[in-house]
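**Q** Sharing a model prediction with you, sequence too.
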Amino acid sequence: MARQMSMRGGMKGGAMKGGPRPKAKKGTLKRVLSMLFSNNKRLMFIVFICITISAITGVASSLFLKQLLVHIKTGLADGWDAALKGIISLIVVMVTVYGTSIICNLIQTRTMAKVTQGFLHQIRTNLFNKMQSLPIRYFDSHLTGDIMSSYTNDTDAIRQLVSQSIPSMYSALISVTTLLVIMLTSSLWLSLVMFLGVFLMILITKKVGGNSAKYFIKQQHSLADEEGYIQEMIQGQKVVKVFCHEQESKQNFDVKNDQLCKDATSAHTFANILMPIMGNLGNILYVLLAFIGGLLVALNVNNVTIIGKVEDSALFIITIIAFLPISKQFTGNIAQASQQINSIVMGLAGASRLFELLDQDPEEDHGYVTLVRCRIDKDGTITECEERTGHWAWKHPHKADGTITYTELKGDIQMFDVDFGYNPEKIVLHNVSLYANPGQKIAFVGATGAGKTTITNLINRFYDIADGKIRYDGININKIKKADLRRSLGIVLQDTNLFTGTVMENIRYGRLSATDEDCIEAAKLAYAHDFITRLPDGYNTMLTADGGNLSQGQRQLLSIARAAVKDAPVMILDEATSSIDTRTEALVQKGTDRLMQGRTVFVIAHRLSTVRNSDVIMVLDQGHIIERGSHEELIAKKGKYYQLYTGAFELE
Amino acid sequence: MAKSLSKEKKSGFLPAVKTLSKSIREYKKPSLLAPFFVALEVVLECFIPFIMTLLLGAMDYITSNPENPNKLSVKIIGWIFKNGEPNLLITILYFGFALLLFALLSLLCGALSGRFCAVASSGFAKNLRKDMFNKVQDFSFKNIDRFSSSSLITRLTTDVMHVEMSYMMIIRTAVRSPFMLIFSLIMSFTINARMALIFLCTTPILAIGLILIMRKAIPFFTRIFKKYDKMNESIEENISGMRVVKSYVREDYEKEKFHKASNDVKNDFVKAEKIIAFNGPLMNFCVYAGLIAIYLVGAFLIIDSNEQLLKMTELQSFMTYSFQMLMSLMMLSMIMVQIIISTASCKRIAEVLNEQPSIVSPKNAITEVKDGSIEFENVSFKYSSSATTYALSNVNLTINSGETIGIIGSTGSSKTTLVQLIPRLYDTTEGCVKVSNVDVKEYDVETLRNAVAMVLQKNQLFSGTLRENMQWGDKNATDEEILHALKLAQIDFTDLDRRVEQGGANFSGGQKQRLCIARALLKKPKILILDDSTSAVDTKTDALIRKSFREYIPETTKIIIAQRVASVEDADKILIMDGGKITAIGNHEQLLKDNEVYQELYYSQNKGGDDNG
């Protein structure tokens, strides 16, 4: 089992799907950079200028020592006065250079804070906006936790990359280049020793850093695996208690926990030892330079620089003294850069997953028929208007002749020979046809999985039909803009999703312009007023964590109130009262029936009492409508409907 | 619930650290070795520039024979060559070897400390997760209600990660940086006390500056992290409520709302980070000011005293030390933020670890449940001691072993509350519940719960195979037993290796409910409680399930909570509940005769059948 679980864990992170390693896609870095630059051209320019200046000035300080030593030599030979002028001008230069460096550093960090946070804000809003545009299919096929991790883990990895890794790498690059020039102009021999050492350092970084990255990725896998387990167990904690499954649960957890610990230890070991290795290699190199330098002096070798200057051994000692801190800075920069390897690998992997989500195709909408408020004259002519009239019309522009026709919104829905499957191989609805006239109450009954909810998914176009036609007030629903289509439908789903906010705000979600009175009226209609007034703060009670402080039944009542306040011409109730007892349900039904007088209602339920007073009841079986008619007709028919609902009595 | 939690959040950070430190356990040794080796590494590393100064001094002494040689260098040369003629090459070799040795030892110590640090921090994190998970497993329903499951998950994952990172930094970087600072200072004093005084001037300025910056930034960060958490919660809510968002065409509204929240977080972060941004320049300022002072004073000292008080070769070491100090301070300021982040995490973890399970088995617990009789004696119950209304009041009830009991009542009438007291998922506030004539509080909890199988209203299957899920009921159940239980629950699956996805997502609602019933049946309980567990099952199948109960488990006491009268109609006794009280008890015929509520329910649900039947 453990093995299967870990395989599943590996599947969790989006980008991991292809293979075991969440390797960043090619071009990810380029895309991150171009995103970063395109929106902050000016700021990024400032940042990079500042980094360049502070890197160069930081390096330049090593040059000052040599200058100073030369001045001191003069001073020692000819007295303090001879050296004073040189020393003062050196100090003036130092103050200027360091002052610039500090100012640049301040500007850079403060600008970078703005850039980074702006960038993260941009990524978050891009993600969120993208998410709002994605089709329901995406959410049906991805776990909430996986989508969430884009906002948390992936964004955080990118933050590291943008705010730290990229500037440090750039800074290191500038420093190293500058130091290289200084070194070459100081001493060719010593530079050669340096190159050898640095080559070794890079080799080691590659080896150790590579191992580190490998184990970090392994750690991510076992982390995902363990997190999945934690989530499942904690959410099912009450079931665990009821079955006294605590011991097994602890044991399984221990296995995963130990694996995670093992991988984390390896990953952190490699990451932790990289710095001491690099730092001390720098030290060894430092020693080696001193040693070789000393040797060269002892052997009376003249110093040669890349610009062709030749120094004798007396001056050579000064060069060596000045060269040593430079070497330390050089290796220090390389060590710093090597520290960024993990952040870069993780950051790019995170960015790659983020981009995958951002590149998802949005929900398609080719509709052009829109919903408008209108005035209807006695003779039936419809004129569009701005104010609330209680009437709505479909505005249908005809491309061919450029004319516009208006059709009154009535809530007449017809389906002709509709076929549909969530994936092409598996058709769940076959040849479904139905006619819902305005004012009718249409019910769907049938076993779970018979396709009841699917029909509503098609009416509001959460999914698009494969074959057949759906007409709404005579208009093909594919021509209607999705937003306008959905605006005309009031939907109450079995899974009530309430949002953090007050009860009042949650009801108002149905119609943002609704007054408090409208909301209370709707709550009364939905029979929710009673329990709301008994809440600690009445309508101002804060709902948290998906309305966790309410019972399932109360939440259903609230979501009915939310739909009631929307006041739509067509209402779809998908198991909307499944957790409400039948007595309360009858009261709720009375309310909604009054509300929906003259409008179309679709009801989905498995409970007899919920659907009985419908005008037409459709019995669905494995995607086929097998019976249709009123309750009385169907009972009289003694078919499947009769069996479904009286089966219990037959057994007696 | 939220109130009591926030109150505890205010409790101190130090007690939280104390609670957490109990989880270090077997990782104490690496936790101590890591800082030890880091300290050693620092000492060795700090000796390198010192030795270098000696080497340069020695070279100077041998080549140019100055008036004021470095005394220590001369001493060492004397020691190397006894009284012979000093040789430059050999001197360099000696020093070079010493330096190499120090560098290699420093590398070794650094690597060892890195390893121990990794072992200690990963192990500590492991223990924290384990302790928390185990604690949660021991939680009673009451404890579980106090924490939302999403908050428990965050505590087990993100919060532990923050603490792990901080721990790693504390036992290594937080030791290394101050140590490096102090030791560099000591070494510079050894080389030249006059010059080292310069560091003594700049360091306090730096320390005070850093403290001021941090003090200003910390409250900002604490506030931001709260906002950030809230923002993420609302994203999560949005993802799971996407159908509602789309149905109400609220995409733009949500976008705008989110944009505002995200922008708010951004602005706060920018403000806080802009304060933190002073860290680097402040440190640079101190180091550069020190450096300039070193140059100026150094040059003067060397020239004025003609290398008596300070030697040229020593200047180099001072530069190295000042850079080392700069580096260590930078590290220190970087880990500060991480440690600030983790203080909140620390407290949240401590909250879980300090939570006391409210239900535990008594000493000398009874480990056998004889039969399935149940008795409620004057039972009253409320969910929290601060609640003003009772969820159950004054319930008296006797159920004989083997009886079938139906419970019916409106939403919120406390049907579930009543049955949850039987397997002691909650403790009564007043009165007592007896199973087989013994107070449930006297039983070993596991014994009691194994005898009382309950199918919860909000039930769940777990990822794995069908067989694994069924074995939750009985670890040693054979395939035949499982298939039999499935058959009783009216499920005709025969492939026990069939995969169950997380939460049983690949089964329909009705199938899930029936699988949960089968799982409960495998416990071979004395008492079986179904809490609205057949709501998604059609009536015919529902009836078949009850029929198999009658035929195959006649001795088991069955308690069935249902919405449908049909589900309870054939029960021995039917309880009608309302507002936390049992308002009527009787069998179907009796209630149909003289209970108004029952009549109403029955006729409203069966009118159709009767009209045409």
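**A** Happy to help now that I have it.
**Q** Quick one: list the elements packing against the helix or strand harbouring residue B:520.
**A** Per DSSP states H and E: residue B:520 is located in helix B:509-521. Applying 3 or more C-beta pairs under 8 Å, 6 or more residues apart in numbering or on different chains; DSSP states H and E, one finds that helix B:509-521 contacts strand B:452-455, helix B:466-470, helix B:479-488, strand B:527-531, helix B:539-552. All C-beta spots, glycine's among them, are computed from the backbone N, C-alpha and C.
**Q** Residue A:630 is nearest to which of these?
**A** helix B:539-552 (19.9 Å; C-beta to C-beta).
**Q** what about the closest one, distance to the chain center?
**A** In terms of C-alpha atoms, centre = their mean, to the nearest Å, the centre of helix B:539-552 is set 44 Å apart from its chain centre.
**Q** who touches stretch B:360-378?
**A** B:138, B:394-402, B:418, B:421-422, B:430-438, B:441-448, B:451-452, B:525-527, B:555-557 (C-beta atoms under 8 Å, 6 or more residues apart in numbering or on different chains).
**Q** quick revisit: can you list the helices and strands packed on helix B:509-521 in JSON lines and add mean neighbour count, mean pLDDT and distance to residue B:95?
**A** As requested, the helices and strands packed on helix B:509-521 are arranged in JSON lines below (neighbours: other C-beta atoms under 10 Å in any protein chain shown; pLDDT from 0 to 100; distance: least, C-beta to C-beta, whole Å):
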{"stretch": "strand B:452-455", "mean neighbour count": "26", "mean pLDDT": "92", "distance to residue B:95": "79"}
{"stretch": "helix B:466-470", "mean neighbour count": "20", "mean pLDDT": "92", "distance to residue B:95": "68"}
{"stretch": "helix B:479-488", "mean neighbour count": "18", "mean pLDDT": "92", "distance to residue B:95": "78"}
{"stretch": "strand B:527-531", "mean neighbour count": "25", "mean pLDDT": "93", "distance to residue B:95": "82"}
{"stretch": "helix B:539-552", "mean neighbour count": "18", "mean pLDDT": "87", "distance to residue B:95": "89"}
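**Q** In a markdown table, list these along with distance to residue A:263.
**A** Output for the helices and strands packed on helix B:509-521, formatted as a markdown table (distance: least, C-beta to C-beta, whole Å):
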| stretch | distance to residue A:263 |
| --- | --- |
| strand B:452-455 | 38 |
| helix B:466-470 | 25 |
| helix B:479-488 | 35 |
| strand B:527-531 | 41 |
| helix B:539-552 | 46 |
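**Q** Tell me which residue of chain B lies closest to chain A.
**A** Of all residues in chain B, residue B:110 sits closest to chain A, at 2.3 Å by C-beta to the nearest C-beta.
**Q** Can you get me a residue count around that residue?
**A** Counted by other C-beta atoms under 10 Å in any protein chain shown, the residues lying close to residue B:110 total 28.
**Q** Just to check, it is in contact with residue A:277?
**A** Yes - Residue B:110 is within contact range of residue A:277, at 7.2 Å (criterion: C-beta atoms under 8 Å).
**Q** any idea of the pLDDT on residue A:371?
**A** Per-residue confidence (pLDDT) for residue A:371: 89.
**Q** For it, pull up the helix or strand it's in.
**A** strand A:370-376.
**Q** Quick check: can you name the pairing partners of that strand and their directions?
**A** Its sheet considered, strand A:370-376 pairs with strand A:382-384 (antiparallel), strand A:392-397 (antiparallel) by DSSP bridges.
**Q** what does the stretch 501-613 of chain B put close to chain A?
**A** B:502-503, B:508-511, B:519, B:523, B:535-536, B:538-540, B:542-544, B:547, B:563-564, B:566, B:597, B:600-601, B:604-605, B:607-609, B:611-613 (C-beta under 8 Å from any C-beta of the partner chain).
**Q** and the residues you listed, which are buried?
**A** Using 16 or more other C-beta atoms under 10 Å in any protein chain shown as the burial test, those include B:502-503, B:509-511, B:519, B:523, B:535-536, B:538-540, B:542-544, B:563-564, B:566, B:597, B:601, B:604-605, B:608-609 as buried.
**Q** just for the chain, where's the confidence low?
**A** Assuming you mean chain A. Along chain A, segments meeting pLDDT under 70 span A:1-24, A:313-314, A:448-449, A:544-549, A:608, A:644-652.
**Q** right idea, wrong chain: chain B
**A** If you take pLDDT under 70 as the line, chain B has these spans: B:1-11, B:337, B:606-613.
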